[in-house]
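Novice: build me a model from this:
(one chain, ligands or ions: 2)
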Amino acid sequence: KYKGIIFDLDGVICHTDKYHYLAWKQLADKLGIYFDEKINNRLRGVSRMDSLEIILENYNGSLTATEKENYSEEKNNIYKRLLEDMSPSDLSKEVKDTLDQLKEDGLKLAIGSSSKNARYILEQLGLEGYFDAISDGNNIEKSKPDPEVFLKACEYLGLSPKECLVVEDAKSGLEAAIEGGMDQAAIGDAVYTQLATYDLATFSDLLKCIR
Ligand code: B16
Ligand code: MG
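Specialist: Ligands and ions are numbered 1, 2, ... in the order given. Down below sits the predicted model:
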């Protein structure tokens with residue numbers, strides 16, 4: 001019933017969410033800002049700058065636009081150093097086998113990620129050239145919950161939103177897909193929002209949604 005599947009990257013295809021946490025934690029500690037896993041969950045799918053604003057909710061003081069630019073760059077440098085250690089062994093067999101199966105079933109596969117590091121992460125995982133289209137933080141004006149990143153993915157695939165299913169681990173991402181007119185499959189904590197068309201207990205459950 002679907003012709004295309006659009007995958008969020010961080011928290012769906014791979015677990016770069018733990019690196020985002022470590023990098024933000026390092027910056028928050030330096031600035032004396034309280035930061036924990038619960039606050040980190042609010043950063044899922046949210047752009048780098050918007051993430052910094054969420055973290056600064058617990059900051060006593062104010063920063064200039066330039067200081068904010070510098071801190072977000074500092075976080076990204078820490079994050080990119082952590083990404084250097086990633087390799088194809090960080091791609092789970094379940095995820096790879098499921099993707100291969102979907103491809104065999106004739107579905108077009110795309111990435112719909114807020115990250116500006118998406119292509120580098122895919123390269124690290126050995127998935128360079130694997131997806132039919134990549135829509136990421138570099139081709140959008142507005143980040144999730146705005147539907148732009150997914151609408152661009154549909155456009156790159158040459159499909160309409162109704163023909164596509166979005167797979168997401170974040171509330172912001174589910175909201176983006178709903179707004180964009182695509183069906184949604186939730187995985188991880190996104191399941192608890194009860195917003196999605198399907199809830200996946202595990203990645204391979206995706207095969208049940210498309211058959
Ligand atoms: P970057 P996704 C999102 O990726 C992350 O979930 C979010 O935590 C991050 O702030 C955002 O990408 C921007 O990432 O700093 O690398 O540009 O879940 O949309 O694949
Ligand atoms: Mg995500």
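Novice: state the pLDDT value of whichever residue of the chain sits closest to ligand 2.
Specialist: Nearest to ligand 2, among the residues of the chain, is Gly11, at 3.6 Å (Cβ to the ion). In this view, the C-beta of every residue, glycine as well, is placed from N, C-alpha and C. As predicted, Gly11 sits at a pLDDT of 95.
Novice: and for the one 4 residues further on?
Specialist: Among the per-residue scores, His15 holds a pLDDT of 95.
Novice: now the closest residue to it other than its chain neighbours: phi and psi?
Specialist: Counting by Cβ to Cβ, 6 or more residues apart in numbering, His15 lies nearest to Asp90, which is 7.4 Å off, once chain neighbours are set aside. For Asp90, the backbone dihedrals are phi -80, psi 0 (criterion: degrees, to the nearest 10).
Novice: near ligand 1, which residues of the chain are found?
Specialist: 8-11, 20, 43-48, 51, 76, 113-117, 137, 170 (Cβ under 6 Å from any ligand atom).
Novice: again, 8 Å this time
Specialist: 8-12, 16-17, 20, 43-48, 50-51, 72, 75-76, 79, 111-118, 136-137, 143-144, 149, 168-170, 173 (Cβ under 8 Å from any ligand atom).
Novice: in what helix or strand does the residue located most distally from the centre of the chain lie?
Specialist: In the chain, Gly61 marks the outermost C-alpha relative to the chain mean, sitting 30.2 Å out by Cα atoms, centre = their mean. Gly61 is part of no helix or strand, with elements assigned from DSSP states H and E.
Novice: how near is it to Ile33?
Specialist: Using Cβ to Cβ, to the nearest Å, we find Gly61 at a distance of 10 Å from Ile33.
Novice: now swap in Asp105 and tell me
Specialist: Noted for Asp105: a distance of 46 Å to Ile33, by Cβ to Cβ.
Novice: Ser62 now?
Specialist: Here Ser62 is placed at a distance of 13 Å from Ile33 (Cβ to Cβ).
Novice: low-confidence bits of the protein, can you list those?
Specialist: Within the chain, the set of residues satisfying pLDDT under 70 is empty.
Novice: which stretches in it count as helices?
Specialist: According to DSSP state H, the chain carries its helices in the segments 17-31, 37-41, 48-55, 65-83, 93-104, 118-124, 148-157, 171-180, 206-209.
Novice: sweet, I'm off.
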